[in-house]
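Trainee: Below are the sequence and a predicted model; questions follow.
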Amino acid sequence: MLQISDSALENMINDAVSSFPDECCGFMFGTEDEDVRKVREITIVANAKEGDKRRRFQVSPVDYMKAEHYAEANGFLLLGIYHSHPNHPAIPSEHDRVAAQPYFSYVILSILDGVYAGLRSWRLNEEALFVEETINDHQTIQ
Amino acid sequence: MATVIIPTPLRKFTNNSSRLNISGASVKEVIGDLSLNFPDLKKHLLDEKGDIRSFVNIFVGDEDIRNLQQEHTALKEDTVVSIVPAIAGGSEAGSLFSREELARYNRHIIIDGFGLEAQTKLKQSKVLIIGSGGLGSPALLYLAAAGVGTIGIVDFDVVDDSNLQRQVIFGVDEIGIPKVVAAKKRLKALNPFIEVKIYNTQLTSQNALELFSEYDVIADGTDNFPTRYLVNDASVLAGKPNVYASIFQFEGQVSVFNHRDAQGEPGPNYRDLYPTPPPPGLVPNCAEGGVLGVLPGIIGSLQALEVIKIITGVGDTLSGRFFTFDALTFETRTFNIKRNKANPLNGENPTITALIDYEQFCGVKAVERPVKEISASQLYDWQVKGEPFQLIDVREQSEYDLVNIGGELIPLGTIGENADRVARDRKVVVHCKMGGRSAKAIRELEEKFGFDNLYNLKGGILGYIDEVQPELTKY
């Protein structure tokens, strides 16, 4: 289960909406306790994809290394990545699956015509297929 | 010796170590040593040929080894080697919906529990409608409006004035043109974002399976037994869900046949209810028994509803249930139906493994062959020009005495015994009051006596009076 703090959620949505019609992306940091992952902070990362950013995103290796350092320095775990699907449902595409890493939570925000239309989270299983991860949005975490 | 930084997603393969001290003089040696010590990590770093995977970046200090000497990059004591997974992704190639489509389908997308997901499934689906008549008209209009990505229409008929009482997809401008052509024009005008494929032909045992294989859902909008059994059997043999509907006078029926549930078990089909058809002639069709025009509007819309539910997975379909509606009493009933072990198609001992001759099986023709026609003004033209033709009136004596246009009187009931009075060496125009009886007379003469020179007067004597001789008595 994934819990997202109010501020992290707000930052993610703002990034996704302001990046529309391009895809946005960023890292999620937090803690993991048993099966519950708590996202406490996010960092926004530039979409490094060259060319059309409306259907693709890419994170530069340097930004990735910075994210690992940030997690270490702040006592967080790097829990995963969020990105947006402009005018597309919050369902991982084949592009998402092929490039996906084990362990990470992949949060996808659907933005329709510039308006936030919900988010879902996905994780790879042992067969390298995406399985939806429940998001607990009832319990607010600080 | 180098310090290797393991990225978070791969730490489960290194016993949760984030930093490892590995000996080796080059990147290649370090990665080789790492793979040897942590075999589960190997497949994430190296491909089948032993090369570093394209999704994995290796950095020595702050420099990508692609900018150094690749895997031969030499390592000094205390160098930091970082394994950096490539992070990328994105929505499907080519956004599925344009801005215009999103605006068009907005009232669907904002429904809680339907949304863009269901709309996406609609766009990706292919639905085949058999018949674009009374049931097909509303079903086609609503499915096109809803955004079903590909709609196929099978119909061999042309638009006739008597269709317009219920077949709301057509207008008077389309009388005489093929129904599939008129329907496609209307659907494309309604929704330019969909594909419409037309088949101006009769559905037969020869073409049904190939046609069905190209679609996800089949909906039968025809209303005769041979086609009903053909669509049912072909749907089961092709493994497609079949949305069934039937109408007669004031009553309608709807069900979903052969729809697989979550466990992959197919639901009941028409043969579970009726293994064989009723005797020919027992159940009249709409052309004979009539139908209230709004009824196919209601039932055809329910058919469209069930098609949408099958495609999107939203709600519970009528699979395993049979719905009836009586327009006069406004009584609706829903019966539970089950699969029958004795079903000859997919019961315990199936005896039907291929499509059969359904007209022979049902003892009736699926469709009445259209007869050749002549308009009143054309007939007048022949009369004026002195074209050689025979005019036959198949009404009764009393009608003939009331008003006639000089035809030879052979009442419909006696046409067979008077076949020798019908000319074979010139054109023969047959008429009655409005055109129905004369069409029957022509079919009988063609089928039993092999005539091919018969023309039905469109609109009968009433049409002729209107257009040519308005001074005559109308009745």
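Mentor: Cool, the structure landed. Numbering: from 1, shown residues only, chains lettered A, B, ... in the order given.

Trainee: Return the residues of chain B in contact with chain A.
Mentor: B:5, B:7-12, B:18, B:44, B:55, B:57, B:59, B:62, B:64, B:82, B:84-97, B:99, B:102-103, B:109, B:115-117, B:120 (CB under 8 Å from any CB of the partner chain). Glycine gets a C-beta too; all of them are placed from N, C-alpha and C.

Trainee: Poorly predicted segments of the chain, please.
Mentor: I went with chain A, as the question did not name one. Within chain A, the ranges that satisfy pLDDT under 70 run A:137-142.

Trainee: try again with chain B
Mentor: For chain B, applying pLDDT under 70 flags the ranges B:92-95, B:280-289, B:365-369.

Trainee: Show the contacting residues for B:His44.
Mentor: If you count contacts by CB atoms under 8 Å, 6 or more residues apart in numbering or on different chains, B:His44 has them with A:Pro102, B:Leu10, B:Phe13, B:Arg53, B:Val56.

Trainee: Kindly tell me how buried the first one is, as a neighbour count.
Mentor: Looking back up the chat, that one is A:Pro102. When neighbours are defined as other CB atoms under 10 Å in any protein chain shown, A:Pro102 has 16 of them.

Trainee: same thing with the second one?
Mentor: Here the neighbour count serves as a burial measure; for B:Leu10 (other CB under 10 Å) it reads 20.

Trainee: Please apply the same query to the last one.
Mentor: When neighbours are counted by other CB under 10 Å, B:Val56 registers 18.

Trainee: What sits closest to it if chain neighbours are left out?
Mentor: Take B:Val56 and drop its neighbours on the chain: the residue closest to it by CB to CB, 6 or more residues apart in numbering or on different chains is B:Leu45, 5.8 Å away.

Trainee: residue contacts, B:Leu472?
Mentor: B:Val403, B:Ile405, B:Ile465.

Trainee: wait, which of those is closest to B:Lys338?
Mentor: Closest approach between the contacts of B:Leu472 and B:Lys338, by CB to CB: B:Ile465, at 57.6 Å.

Trainee: hang on, that closest one packs against B:Leu457?
Mentor: No. With contacts counted by CB atoms under 8 Å, B:Ile465 stays clear of B:Leu457, the gap being 11.4 Å.

Trainee: Looking at the two, which has the bigger crowd around it?
Mentor: Taking other CB under 10 Å, B:Ile465 and B:Leu457 do not tie; B:Leu457 has more neighbours (27 against 19).

Trainee: Check the burial of the spatially closest residue to the more buried one that is not a sequence neighbour by counting its neighbours.
Mentor: Distances taken as CB to CB, 6+ apart place B:His431 nearest to B:Leu457, at 3.7 Å, with adjacent residues excluded. B:His431: 30 surrounding residues under other CB under 10 Å.

Trainee: doesn't B:Ile151 fall inside a strand?
Mentor: Yes. The assignment for B:Ile151 by DSSP: H, G, I helix; E, B strand; the rest coil puts it in a strand.

Trainee: contacting residues around the residue of the stretch 301-450 of chain B found nearest chain A?
Mentor: For the stretch 301-450 of chain B, the residue closest to chain A is B:Thr312, as judged by CB to the nearest CB, at 12.5 Å. Listed by CB under 8 Å, 6+ apart, the contact partners of B:Thr312 are B:Phe114, B:Glu117, B:Ala118, B:Lys121, B:Leu122.

Trainee: For those, give me CSV that also has neighbour count and distance to B:Pro278.
Mentor: Listed next are those as CSV, based on neighbours: other CB atoms under 10 Å in any protein chain shown; distance: CB to CB, whole Å:
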residue, neighbour count, distance to B:Pro278
B:Phe114, 18, 40
B:Glu117, 18, 43
B:Ala118, 23, 39
B:Lys121, 20, 38
B:Leu122, 22, 37
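
Trainee: just the strands in chain A please.
Mentor: If DSSP state E is used as the criterion, the strands of chain A fall at A:2-4, A:25-33, A:36-45, A:57-59, A:77-86, A:105-112, A:115-124, A:130-133, A:135-136.

Trainee: Deepest-packed of the ones you listed, please.
Mentor: Mean neighbours per residue, mean count of other CB atoms under 10 Å in any protein chain shown, is largest over the strands of chain A for strand A:77-86, with a mean of 26.

Trainee: what's the neighbour count on the residue nearest to B:Val56?
Mentor: 22.

Trainee: Pretty sure it sits against B:Ile83.
Mentor: Yes. Because the distance of 7.1 Å satisfies CB under 8 Å, B:Leu45 is recorded as touching B:Ile83.

Trainee: Grab the nearest non-local neighbour of B:Ser98.
Mentor: B:Phe193 (7.5 Å).

Trainee: Next up, the contacts around the one you found.
Mentor: B:Ser98, B:Glu100, B:Glu101, B:Arg104, B:Gly147.

Trainee: From B:Ile169, how far off is it?
Mentor: 18 Å (CB to CB, to the nearest Å).

Trainee: repeat for B:Asn106
Mentor: Counting by CB to CB, the gap from B:Asn106 to B:Ile169 is 24 Å.

Trainee: Just the buried subset of the residues of chain B next to chain A, written out for PyMOL, thanks.
Mentor: The following PyMOL line selects those of the residues of chain B next to chain A that are buried, judged by 16 or more other CB atoms under 10 Å in any protein chain shown:
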select buried, chain B and resi 5+7+8+9+10+11+44+55+57+59+64+82+84+85+86+87+88+89+90+91+92+95+96+97+102+109+115+116+117+120
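
Trainee: if I've got this straight, the residue nearest to B:Ser98 is in a helix?
Mentor: No. Using three-state DSSP, the assignment for B:Phe193 is coil, not a helix.

Trainee: Could you pull up phi and psi at it?
Mentor: With angles defined as degrees, to the nearest 10, B:Phe193 sits at phi -90, psi 0.

Trainee: Also the one 5 residues further on?
Mentor: The phi and psi torsions at B:Ile198 (degrees, to the nearest 10) take the values phi -120, psi 140.

Trainee: Skip the chain neighbours and tell me the closest residue to the spatially most central residue of chain A.
Mentor: In chain A, the centroid-proximal residue (CA atoms, centre = their mean) is A:Tyr82; its distance is 1.2 Å. Nearest residue to A:Tyr82 in three dimensions, chain neighbours excluded: A:Val107, at 4.0 Å (CB to CB, 6+ apart).
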